[in-house]
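# what follows is a predicted structure for the sequence shown.
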Amino acid sequence: MRGVSTGYRFADALARAGDALPAPVLEYLMTGAGEGISAAEAGEAWRALRLRPRVLRDVSTVDLTTQLLGEATHLPFAVAPTTLQRAVHPEGEVAMARACATAGQLLVVSSNAGSTFAEIGATGARWWLQAYLTQDRSRSAPVLETAVAAGAQAVVLTVDTPVVSTKRYAGDTVWEATDPALLRVNFPVGADPAQDAEKATDLGPADIAWLTTVTGLPVVVKGVLRGDDAVRCLEAGAAAVWVSSHGGRQLDRAVPTASALPEVRDAVGEHAEVYVDGGVRTGLDVLVALAAGADAVFAGRAPVLALLDGEEGVWTWQQTWAAELVEAMRLAGVATVPQVRPAGLLARP
Ligand SMILES: Cc1cc2nc3c(=O)[nH]c(=O)nc-3n(C[C@H](O)[C@H](O)[C@H](O)COP(=O)(O)O)c2cc1C
């Protein structure tokens, strides 16, 4: 019988979501852009990488703690921003944030969240705001100010979406099938949704400095797939870069993040913070991504599918991946997260 599980498995979570969620919601969560090539390749690219385990190392105690933007976090994997979490579970982002607060896990909240930033901040979770900028930058300021007031500790600027890419849906889109009350709850009352949803097509390095000034927070740039772009972001004042192809939802045929990550790490050197997401499905995938150059690994669909069972479902996902990661680290001969990259675990093809 589906639904009785002592652990989290992505395939099981997806099958349960297929039974439980309205078709447009499930399709929205899983669909990639265009022909879905990048979405399909993302996970395979991690699984194609191979490890060189170390032996004769003391792995009696494994510590998953790591530092992100100068602050300790209990887990090196975290929750990527995704919209419509309240279409998956009535408590949406709040249930996700409660689980993160309990686990000491970092959470990135979509600017298009269906719960208020104040409710999310009240859970005590450490959270960062994901932001898009509008063509008229001043229209973005109210959402940023609301997030800062609710305790966001960094801003993640998504830069891979000058336009929202075309997706092919079989029937109604999720936007037609979703209660408008679940959308855009953090935008000012009376704001024009069409104008606020518009994405800037002229983003440049100067926007990183602008965001830093407006929010007073560190800025992370999400959606980087090349070494030269990563260097430009850091030179413009970014606190970190996030290698992402938006889960294969923007440019179809963009390179898998597993391929882009080593290029980005080589370009920026050892000391800059680099994060990655896309197709990560297990704790072993997390280790492979850390070995390939990431300081932290983010997941979008995995925690959203876990959210079907609310806070407890997310807790099960966290515990399962943490246990898988601890086992993988023991078998690979590393006892702490900062040991992973210098250990040279990744076999170069
Ligand atoms: C349903 C869904 C909604 C998303 N919404 C956003 C968003 O609002 N902002 C954003 O920067 N990325 C968004 N993303 C992309 C994720 O942050 C992340 O890059 C991607 O999901 C990682 O791939 P994975 O789902 O295979 O883990 C979304 C992804 C999904 C699946």
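Thanks, I have the structure now. Note that the structure is predicted; figures quoted are calculated from it, not measured.
# quick check: closest non-adjacent residue to the closest residue to the ligand within the stretch 101-250 of the chain.
The stretch 101-250 of the chain approaches the ligand most closely through Gly247 (3.0 Å), counting by C-beta to the nearest ligand atom. Yep, even glycine has a C-beta here, placed from its N, CA and C like the rest. Of all residues not flanking Gly247 in the chain, Gly300 sits nearest, at 5.2 Å (C-beta to C-beta, 6 or more residues apart in numbering).
# what's the answer for Ala118, then?
Nearest residue to Ala118, sequence neighbours excluded (C-beta to C-beta, 6+ apart): Ala150, at 4.8 Å.
# contact partners for the residue of the stretch 101-250 of the chain closest to the ligand?
Neighbouring residues of Gly247 by C-beta atoms under 8 Å, 6 or more residues apart in numbering: 32, 39, 42, 80, 277-279, 300-301.
# host element of Val108?
Per DSSP states H and E: Val108 is located in strand 107-109.
# same deal with Gly310?
Gly310 belongs to helix 310-332, assigned by DSSP H and E.
# can you list contacts of that helix?
If you take C-beta under 8 Å, 6+ apart as the criterion, helix 310-332 is touched by 5, 7-9, 13, 51, 53-54, 59, 62, 64, 75-77, 89, 91, 95-96, 98-100, 102-103, 105, 282-284, 286-287, 291, 302-303, 306-307, 309, 335, 340, 343, 345.
# show me these that map onto strands.
Phe77 (DSSP state E).
# can you select the buried ones from the contacts of helix 310-332 in PyMOL?
Selecting only the buried entries of the contacts of helix 310-332 in PyMOL, with 16 or more other C-beta atoms under 10 Å as the criterion:
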select buried, resi 8+13+51+59+62+64+75+76+77+89+91+95+96+98+99+100+102+103+105+282+283+284+286+287+291+302+303+306+307+309+335+340+343+345
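# among the contacts of helix 310-332, which are within reach of the ligand?
Filtering the contacts of helix 310-332 for proximity to the ligand by C-beta under 6 Å from any ligand atom leaves Ala302.
# in helices, which of the contacts of helix 310-332 fall?
Taking DSSP state H, the ones among the contacts of helix 310-332 that sit in helices are 13, 95-96, 98-100, 102-103, 283-284, 286-287, 291, 302-303, 306, 340.
# gap between stretch 231-240 and the chain center?
Computed by C-alpha atoms, centre = their mean, to the nearest Å, the chain-centroid distance of stretch 231-240 equals 19 Å.
# ends of it, what's the gap?
10 Å (C-alpha to C-alpha, to the nearest Å).
# give me the contacts around that stretch.
68-69, 154, 205-206, 208-209, 212, 218-221, 224, 241, 267-268, 272-275, 295.
# mark which of these are buried, thanks.
Buried among those (16+ other C-beta under 10 Å): 68-69, 154, 208, 212, 218-221, 224, 241, 267-268, 272-275, 295.
# out of the residues you listed, list just those in strands.
Those of these lying in strands (DSSP E): 68, 219-221, 224, 241, 273-275.
# one step back: anything in the helix holding Gly310 near the ligand?
No: using C-beta under 6 Å from any ligand atom, helix 310-332 stays clear of the ligand, with a minimum separation of 11.8 Å.
# buried residues, that helix. List them.
Taking 16+ other C-beta under 10 Å as the criterion, helix 310-332 shows 310-311, 313-318, 320-322, 324-326, 328-330, 332 as buried.
# measure how buried the residue nearest to Gly247 is and give me the count.
The tally of other residues near Gly300 (other C-beta atoms under 10 Å) stands at 22.
# near the ligand, which residues of this structure?
So far as C-beta under 6 Å from any ligand atom goes, the chain lies against the ligand at 28-29, 42, 80-83, 110, 112, 130, 158, 222, 244, 246-247, 249, 277-280, 299-302.
# rerun that using 5 Å as the cut-off
Within reach of the ligand by C-beta under 5 Å from any ligand atom, the chain has these residues: 29, 80-83, 110, 130, 158, 244, 246-247, 277-279, 299-301.
# Ala42 against Val255, yeah?
No: at 10.0 Å, Ala42 and Val255 do not qualify as touching, with contact defined as C-beta atoms under 8 Å.
# how about the helices of the stretch 51-200 of the chain, start to end?
For the stretch 51-200 of the chain, the helices defined by DSSP state H, counting those that start in this stretch occupy 85-88, 92-103, 117-121, 141-149, 174-177, 193-197.
# okay if I get the ones you listed as a markdown table plus mean pLDDT and distance to Lys167?
Below are the helices of the stretch 51-200 of the chain laid out as a markdown table (pLDDT from 0 to 100; distance: least, C-beta to C-beta, whole Å):
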| stretch | mean pLDDT | distance to Lys167 |
| --- | --- | --- |
| helix 85-88 | 96 | 16 |
| helix 92-103 | 98 | 22 |
| helix 117-121 | 98 | 27 |
| helix 141-149 | 96 | 24 |
| helix 174-177 | 82 | 10 |
| helix 193-197 | 66 | 16 |
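# other residues contacting stretch 89-100?
78-79, 85-86, 105-107, 109, 113-115, 119-120, 123, 125-127, 182, 303, 307-315, 318.
# ok now it, how far from the chain's centre?
15 Å.
# next one: stretch 325-345
The answer for stretch 325-345 is 22 Å, by C-alpha atoms, centre = their mean.
# can I get it in PDB, CA atoms only?
Provided in PDB are the C-alpha atoms of stretch 325-345 (Å, rounded to 0.1, in the frame of the first residue of the first chain):
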ATOM      1  CA  LEU A 325      24.400  11.600   3.500                       C
ATOM      2  CA  VAL A 326      26.000  10.400   6.800                       C
ATOM      3  CA  GLU A 327      26.300   6.900   5.400                       C
ATOM      4  CA  ALA A 328      27.700   8.100   2.100                       C
ATOM      5  CA  MET A 329      30.300  10.300   3.900                       C
ATOM      6  CA  ARG A 330      31.300   7.400   6.100                       C
ATOM      7  CA  LEU A 331      31.800   5.100   3.100                       C
ATOM      8  CA  ALA A 332      33.700   7.900   1.200                       C
ATOM      9  CA  GLY A 333      36.000   8.500   4.200                       C
ATOM     10  CA  VAL A 334      35.000  12.100   5.100                       C
ATOM     11  CA  ALA A 335      33.700  13.100   8.600                       C
ATOM     12  CA  THR A 336      32.800  16.700   8.100                       C
ATOM     13  CA  VAL A 337      31.300  18.900   5.300                       C
ATOM     14  CA  PRO A 338      34.400  21.100   4.900                       C
ATOM     15  CA  GLN A 339      36.500  18.000   4.400                       C
ATOM     16  CA  VAL A 340      34.600  16.900   1.300                       C
ATOM     17  CA  ARG A 341      36.000  19.200  -1.400                       C
ATOM     18  CA  PRO A 342      39.700  19.100  -0.400                       C
ATOM     19  CA  ALA A 343      39.300  15.200  -0.300                       C
ATOM     20  CA  GLY A 344      39.200  15.100  -4.100                       C
ATOM     21  CA  LEU A 345      36.400  12.600  -4.100                       C
END
